[in-house]
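Novice: Got a predicted structure here, sequence first:
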Amino acid sequence: MGFPGTWMTESESVVYRVVPKCACSTIGQIMYYSDHGEFFDGDIHDANSGLHKWAIETSQAAITKNVRSHSSYAFTCVRNPYTRILSSFFDKICGIQRNGRRYRGNLVPTLIQKYGIEVGGDDGKQEFDQIQSFRRFLLFARDTIRWRRPMDPDIHWSAMSGHVSTFIVNGGTYDKIFFTETFNEGMQQVLDGIETAHTVDLKTIPRFNESEGHGPKRLHPVEDYFDDLSMHLVYEIFKRDFDLFKYDFKDPSNKFPIGEIDLDEVHAKLGD
(Lines give C-alpha, C1' and ligand atoms only; values in the text may rest on other atoms or scores of the structure.)
Protein backbone atom coordinates (compact mmCIF):
# COMPACT_ATOMS: atom_id res chain seq x y z
CA MET A 1 0.00 0.00 0.00
CA GLY A 2 2.88 2.39 0.67
CA PHE A 3 2.30 5.85 2.09
CA PRO A 4 -0.68 7.54 0.42
CA GLY A 5 -1.16 11.19 1.31
CA THR A 6 2.43 11.59 2.47
CA TRP A 7 4.48 14.67 1.53
CA MET A 8 8.17 15.26 2.22
CA THR A 9 10.43 18.25 1.61
CA GLU A 10 13.01 17.73 -1.15
CA SER A 11 15.73 18.27 1.45
CA GLU A 12 14.10 15.48 3.51
CA SER A 13 13.99 17.79 6.52
CA VAL A 14 10.46 16.73 7.43
CA VAL A 15 7.70 14.27 6.49
CA TYR A 16 3.98 15.09 6.68
CA ARG A 17 0.93 12.85 6.42
CA VAL A 18 -1.83 14.96 4.86
CA VAL A 19 -5.24 14.87 6.55
CA PRO A 20 -7.80 16.64 4.33
CA LYS A 21 -9.55 19.69 5.81
CA CYS A 22 -6.85 20.10 8.49
CA ALA A 23 -4.76 23.08 7.32
CA CYS A 24 -3.01 20.95 4.69
CA SER A 25 -2.68 23.84 2.18
CA THR A 26 -0.89 26.03 4.72
CA ILE A 27 1.33 23.18 5.94
CA GLY A 28 2.31 22.25 2.38
CA GLN A 29 3.22 25.85 1.60
CA ILE A 30 5.31 26.11 4.79
CA MET A 31 7.20 22.96 3.79
CA TYR A 32 7.75 24.31 0.28
CA TYR A 33 8.93 27.67 1.63
CA SER A 34 11.30 26.05 4.13
CA ASP A 35 13.20 24.48 1.21
CA HIS A 36 12.92 27.18 -1.47
CA GLY A 37 12.48 30.51 0.32
CA GLU A 38 9.29 31.24 -1.60
CA PHE A 39 5.75 29.91 -1.72
CA PHE A 40 4.42 27.76 -4.53
CA ASP A 41 2.54 29.95 -6.99
CA GLY A 42 -0.92 28.36 -6.87
CA ASP A 43 -2.62 25.66 -4.84
CA ILE A 44 0.08 23.47 -3.27
CA HIS A 45 -2.05 20.42 -4.09
CA ASP A 46 -1.31 21.11 -7.76
CA ALA A 47 2.49 21.23 -7.30
CA ASN A 48 4.28 18.47 -9.20
CA SER A 49 7.77 19.56 -8.27
CA GLY A 50 9.55 21.22 -5.35
CA LEU A 51 7.99 18.79 -2.88
CA HIS A 52 8.02 15.01 -2.68
CA LYS A 53 4.50 13.55 -2.77
CA TRP A 54 3.39 9.94 -2.73
CA ALA A 55 1.13 10.73 -5.70
CA ILE A 56 4.25 11.52 -7.77
CA GLU A 57 5.66 8.15 -8.77
CA THR A 58 9.28 9.31 -8.79
CA SER A 59 8.95 10.41 -5.15
CA GLN A 60 7.73 7.07 -3.80
CA ALA A 61 11.10 5.37 -3.32
CA ALA A 62 12.55 8.34 -1.42
CA ILE A 63 9.47 8.61 0.81
CA THR A 64 9.39 4.87 1.52
CA LYS A 65 13.08 4.72 2.43
CA ASN A 66 12.86 7.77 4.69
CA VAL A 67 9.66 6.82 6.50
CA ARG A 68 10.56 3.19 7.11
CA SER A 69 13.96 4.18 8.57
CA HIS A 70 12.41 7.15 10.42
CA SER A 71 15.21 9.32 9.03
CA SER A 72 13.26 12.57 9.38
CA TYR A 73 10.85 14.20 11.80
CA ALA A 74 7.30 13.07 10.88
CA PHE A 75 4.07 14.79 11.81
CA THR A 76 0.43 15.36 10.99
CA CYS A 77 -2.37 17.72 12.02
CA VAL A 78 -5.96 17.03 13.11
CA ARG A 79 -9.14 19.05 13.60
CA ASN A 80 -12.38 18.95 15.56
CA PRO A 81 -14.68 16.42 13.81
CA TYR A 82 -17.70 18.73 14.06
CA THR A 83 -16.05 21.68 12.31
CA ARG A 84 -14.25 19.40 9.84
CA ILE A 85 -17.40 17.74 8.49
CA LEU A 86 -19.19 21.09 8.42
CA SER A 87 -16.32 22.57 6.40
CA SER A 88 -16.45 19.61 4.02
CA PHE A 89 -20.14 20.22 3.42
CA PHE A 90 -19.78 23.91 2.57
CA ASP A 91 -16.63 23.44 0.49
CA LYS A 92 -17.19 20.16 -1.36
CA ILE A 93 -20.98 19.85 -1.51
CA CYS A 94 -22.21 23.46 -1.72
CA GLY A 95 -19.14 24.99 -3.33
CA ILE A 96 -17.98 25.42 -6.90
CA GLN A 97 -14.47 23.96 -7.22
CA ARG A 98 -11.27 25.45 -8.70
CA ASN A 99 -12.14 24.03 -12.11
CA GLY A 100 -15.45 25.94 -12.11
CA ARG A 101 -17.51 22.78 -11.71
CA ARG A 102 -19.17 20.85 -8.92
CA TYR A 103 -17.08 18.44 -6.87
CA ARG A 104 -16.92 14.90 -8.29
CA GLY A 105 -19.30 15.43 -11.18
CA ASN A 106 -22.59 13.68 -10.41
CA LEU A 107 -22.12 13.65 -6.63
CA VAL A 108 -24.23 16.75 -5.90
CA PRO A 109 -27.10 15.81 -8.27
CA THR A 110 -27.18 12.39 -6.56
CA LEU A 111 -27.41 14.06 -3.15
CA ILE A 112 -30.19 16.36 -4.31
CA GLN A 113 -32.15 13.46 -5.76
CA LYS A 114 -31.61 10.77 -3.11
CA TYR A 115 -31.23 12.80 0.09
CA GLY A 116 -33.23 15.93 -0.70
CA ILE A 117 -30.46 18.38 0.07
CA GLU A 118 -30.16 21.90 -1.34
CA VAL A 119 -26.88 23.60 -2.20
CA GLY A 120 -27.78 27.19 -3.03
CA GLY A 121 -28.57 26.79 -6.71
CA ASP A 122 -26.20 26.36 -9.64
CA ASP A 123 -23.73 28.92 -8.34
CA GLY A 124 -24.05 28.07 -4.63
CA LYS A 125 -25.06 31.65 -3.83
CA GLN A 126 -28.83 31.39 -3.41
CA GLU A 127 -30.43 31.12 0.02
CA PHE A 128 -31.36 27.68 1.32
CA ASP A 129 -31.92 25.94 4.64
CA GLN A 130 -28.31 25.21 5.56
CA ILE A 131 -29.11 23.30 8.74
CA GLN A 132 -31.65 20.97 7.14
CA SER A 133 -29.40 20.27 4.14
CA PHE A 134 -26.33 19.68 6.29
CA ARG A 135 -28.18 17.17 8.45
CA ARG A 136 -29.28 15.29 5.35
CA PHE A 137 -25.70 15.34 4.09
CA LEU A 138 -24.64 13.74 7.39
CA LEU A 139 -26.93 10.78 6.63
CA PHE A 140 -25.23 10.44 3.26
CA ALA A 141 -21.74 10.66 4.82
CA ARG A 142 -22.69 7.96 7.32
CA ASP A 143 -24.04 5.73 4.52
CA THR A 144 -20.80 6.06 2.53
CA ILE A 145 -18.64 5.24 5.55
CA ARG A 146 -20.76 2.47 7.04
CA TRP A 147 -22.06 0.74 3.93
CA ARG A 148 -19.96 2.28 1.13
CA ARG A 149 -23.08 3.35 -0.71
CA PRO A 150 -24.22 5.13 -2.77
CA MET A 151 -20.42 5.53 -3.15
CA ASP A 152 -17.17 4.94 -1.28
CA PRO A 153 -16.41 7.49 1.45
CA ASP A 154 -14.59 10.59 0.28
CA ILE A 155 -11.23 11.56 1.79
CA HIS A 156 -12.65 14.91 2.96
CA TRP A 157 -15.20 13.36 5.31
CA SER A 158 -13.74 9.94 6.08
CA ALA A 159 -12.34 9.67 9.60
CA MET A 160 -9.01 11.34 10.38
CA SER A 161 -7.88 8.22 12.22
CA GLY A 162 -8.12 6.30 8.93
CA HIS A 163 -5.75 8.74 7.23
CA VAL A 164 -3.38 8.82 10.19
CA SER A 165 -3.31 5.02 10.52
CA THR A 166 -2.06 4.13 7.02
CA PHE A 167 1.24 5.84 7.82
CA ILE A 168 1.66 3.75 10.99
CA VAL A 169 0.44 0.43 9.58
CA ASN A 170 2.95 0.60 6.74
CA GLY A 171 5.92 1.33 8.96
CA GLY A 172 5.86 5.02 9.83
CA THR A 173 6.21 6.69 13.22
CA TYR A 174 4.91 10.14 14.17
CA ASP A 175 6.99 12.55 16.22
CA LYS A 176 4.14 15.04 16.54
CA ILE A 177 0.38 15.29 15.98
CA PHE A 178 -0.95 18.77 16.61
CA PHE A 179 -4.28 20.58 16.46
CA THR A 180 -5.53 22.88 13.70
CA GLU A 181 -7.18 24.93 16.46
CA THR A 182 -3.78 25.80 18.00
CA PHE A 183 -1.95 25.81 14.68
CA ASN A 184 0.90 28.24 15.36
CA GLU A 185 1.86 26.55 18.60
CA GLY A 186 1.86 23.07 17.06
CA MET A 187 3.57 24.03 13.80
CA GLN A 188 6.25 25.91 15.75
CA GLN A 189 7.05 22.76 17.69
CA VAL A 190 7.54 20.95 14.38
CA LEU A 191 9.81 23.72 13.06
CA ASP A 192 11.79 23.70 16.31
CA GLY A 193 12.42 20.00 15.81
CA ILE A 194 13.90 20.25 12.30
CA GLU A 195 16.56 22.18 10.38
CA THR A 196 15.36 24.20 7.39
CA ALA A 197 17.21 25.99 4.61
CA HIS A 198 14.99 29.04 5.05
CA THR A 199 13.62 30.38 8.33
CA VAL A 200 9.84 30.26 8.64
CA ASP A 201 8.17 33.04 10.66
CA LEU A 202 4.69 31.74 11.46
CA LYS A 203 3.51 35.20 12.53
CA THR A 204 3.89 36.54 9.00
CA ILE A 205 2.94 33.46 6.95
CA PRO A 206 -0.48 33.81 5.28
CA ARG A 207 -3.14 31.16 5.76
CA PHE A 208 -3.60 29.30 2.50
CA ASN A 209 -7.26 28.38 2.89
CA GLU A 210 -7.79 27.12 -0.64
CA SER A 211 -11.40 26.14 0.03
CA GLU A 212 -12.43 29.58 1.28
CA GLY A 213 -14.90 31.27 -1.03
CA HIS A 214 -15.82 28.06 -2.85
CA GLY A 215 -19.19 27.78 -1.19
CA PRO A 216 -21.82 29.78 0.69
CA LYS A 217 -20.92 31.43 3.96
CA ARG A 218 -21.92 29.54 7.10
CA LEU A 219 -24.83 31.49 8.59
CA HIS A 220 -25.13 29.88 12.03
CA PRO A 221 -22.89 28.90 14.96
CA VAL A 222 -21.44 25.39 14.65
CA GLU A 223 -23.65 23.95 17.41
CA ASP A 224 -26.87 24.98 15.61
CA TYR A 225 -26.18 22.42 12.87
CA PHE A 226 -26.11 19.50 15.30
CA ASP A 227 -29.23 18.24 17.06
CA ASP A 228 -29.29 15.00 19.07
CA LEU A 229 -29.60 12.81 15.98
CA SER A 230 -26.82 14.66 14.15
CA MET A 231 -24.52 14.34 17.16
CA HIS A 232 -25.28 10.61 17.31
CA LEU A 233 -24.40 10.26 13.61
CA VAL A 234 -21.18 12.22 14.03
CA TYR A 235 -20.16 10.05 16.97
CA GLU A 236 -20.99 6.89 15.01
CA ILE A 237 -18.73 8.08 12.17
CA PHE A 238 -15.93 9.70 14.17
CA LYS A 239 -15.87 7.98 17.59
CA ARG A 240 -12.20 7.05 17.18
CA ASP A 241 -11.29 10.60 16.19
CA PHE A 242 -12.96 12.07 19.29
CA ASP A 243 -11.30 9.49 21.56
CA LEU A 244 -7.77 9.48 20.14
CA PHE A 245 -7.44 13.16 19.35
CA LYS A 246 -9.16 14.34 22.54
CA TYR A 247 -12.06 16.40 21.19
CA ASP A 248 -15.29 17.13 23.06
CA PHE A 249 -18.12 15.04 21.59
CA LYS A 250 -20.67 16.39 24.10
CA ASP A 251 -20.32 20.06 23.11
CA PRO A 252 -20.24 20.95 19.39
CA SER A 253 -19.68 24.60 20.34
CA ASN A 254 -16.28 23.75 21.87
CA LYS A 255 -13.90 23.42 18.95
CA PHE A 256 -10.81 23.07 21.16
CA PRO A 257 -9.38 19.74 22.36
CA ILE A 258 -10.00 18.76 25.97
CA GLY A 259 -6.76 16.84 26.44
CA GLU A 260 -3.31 16.15 25.03
CA ILE A 261 -2.77 13.55 22.30
CA ASP A 262 -0.98 10.45 23.59
CA LEU A 263 1.30 9.40 20.71
CA ASP A 264 1.91 5.97 22.23
CA GLU A 265 -1.84 5.38 22.36
CA VAL A 266 -2.25 6.54 18.74
CA HIS A 267 0.53 4.23 17.52
CA ALA A 268 -0.82 1.30 19.51
CA LYS A 269 -4.48 1.67 18.50
CA LEU A 270 -3.95 2.66 14.86
CA GLY A 271 -1.05 0.31 14.18
CA ASP A 272 -3.16 -2.87 14.13
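Specialist: Received it, and whenever you're ready, just let me know what you need. Numbering: from 1, shown residues only.
Novice: in stretch 141-151, what counts as buried?
Specialist: In terms of neighbour count (16 or more other Cβ atoms under 10 Å), stretch 141-151 has its buried residues at 141-145. No exception for glycine: its C-beta is placed from N, CA and C like everyone else's.
Novice: Make sure residue 8 is indeed in a strand.
Specialist: Yes. Counting by DSSP: H, G, I helix; E, B strand; the rest coil, residue 8 is located in a strand.
Novice: list the contacts for it?
Specialist: Shown in contact with residue 8 (Cβ atoms under 8 Å, 6 or more residues apart in numbering): 14-16, 51-53, 59, 62-63, 66, 72.
Novice: ok, the residue nearest to residue 87 when sequence neighbours are not counted - contacts?
Specialist: Take residue 87 and drop its neighbours on the chain: the residue closest to it by Cβ to Cβ, 6 or more residues apart in numbering is residue 21, 5.4 Å away. Listed by Cβ under 8 Å, 6+ apart, the contact set of residue 21 reads 79, 84, 87-88, 91, 156, 211.
Novice: And residue 21, how far from residue 109?
Specialist: 23 Å (Cβ to Cβ, to the nearest Å).
Novice: likewise residue 134?
Specialist: Residue 134 is 18 Å from residue 109, by Cβ to Cβ.
Novice: So which of those two has more stuff around it?
Specialist: The neighbour count for residue 134 versus residue 109, taken as other Cβ atoms under 10 Å, is higher for residue 134 (22 against 11).
Novice: which residues touch that one?
Specialist: Residue 134 makes contacts with 86, 89, 225, 230, as judged by Cβ under 8 Å, 6+ apart.
Novice: how far does stretch 104-123 stretch from start to finish?
Specialist: 16 Å (Cα to Cα, to the nearest Å).
Novice: May I see the buried residues of it?
Specialist: For stretch 104-123, the buried set under the neighbour-count rule, 16+ other Cβ under 10 Å, comprises 107-108, 111, 115, 117-120.
Novice: what's the answer for stretch 168-181, then?
Specialist: Result for stretch 168-181 [16+ other Cβ under 10 Å]: buried residues 168, 170, 172, 174-181.
Novice: Could you tell me which ranges of this structure sit under the pLDDT cut-off?
Specialist: 210-214 (pLDDT under 70).
Novice: Do a quick rundown of the strands in it.
Specialist: Remark: strands assigned in the chain by DSSP state E are 6-9, 14-17, 51-53, 73-78, 176-179.
Novice: No further queries at this time; thank you.
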